[in-house]
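Engineer: the following comprises the amino acid sequence and a computationally predicted model.
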Amino acid sequence: LARPIKRLPELVPYRDAEKRLQSAIAVNFGLPVDEPESVQFADKTMLAMEARDLMGTLLPGWEKWDRFLDGVEYRIGRTWAPGEAEEIFINRFNELKNPIRRNITIAEAASVMGKYAATKRIRKAAQVESSLFADAA
């Protein structure tokens, strides 16, 4: 769910449920319950990359996100159609869980996850936008 939508006052129950779910996942996999700063930074970097590479001209205020792009040369070239993203994600997931191939880099995993997340965010934003316009009509 897109961050601006998630922050709406009406979605407090959603945020609470999300926090409980993330805590349960962290406990199950032996991870810290509090999201590490490195994960928060990576998430903000991906958001800034998506804005820079996929959204075109941005409204004033987005320049504050530029600090997350310092040293980031990678650019999102093209997005994937939802079916293509799902297929690539599942294939990569299966490849990564294969015990024979454990030497993948974090950059490889982040690249696939970033493209998958970007595709999902774009699709969800389009759905929200459509519903907002439908409600206004």
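Structural biologist: Sure thing, it's come through. Numbers count the residues shown, from 1 in each chain.

Engineer: can you pull out the helices in this protein?
Structural biologist: Per DSSP state H, the chain carries helices over the ranges 3-6, 12-28, 37-54, 82-97, 106-136.

Engineer: least confident of the ones you listed, on average?
Structural biologist: Among these, helix 106-136 carries the lowest mean pLDDT, a mean of 61.

Engineer: please spell out which residues along stretch 74-83 are buried.
Structural biologist: By neighbour count on 16 or more other C-beta atoms under 10 Å, the buried set for stretch 74-83 is 76, 79-80. Placement of C-beta: from N, CA and C, glycine included.

Engineer: so which of those residues sits lowest on pLDDT?
Structural biologist: Minimum pLDDT for the buried residues of stretch 74-83 is recorded at residue 79 (86).

Engineer: phi and psi next, for that one.
Structural biologist: phi -90, psi 160 (degrees, to the nearest 10).

Engineer: which single one of the buried residues of stretch 74-83 is nearest to residue 1?
Structural biologist: Among those, residue 79 lies closest to residue 1 (C-beta to C-beta), at 18.1 Å.
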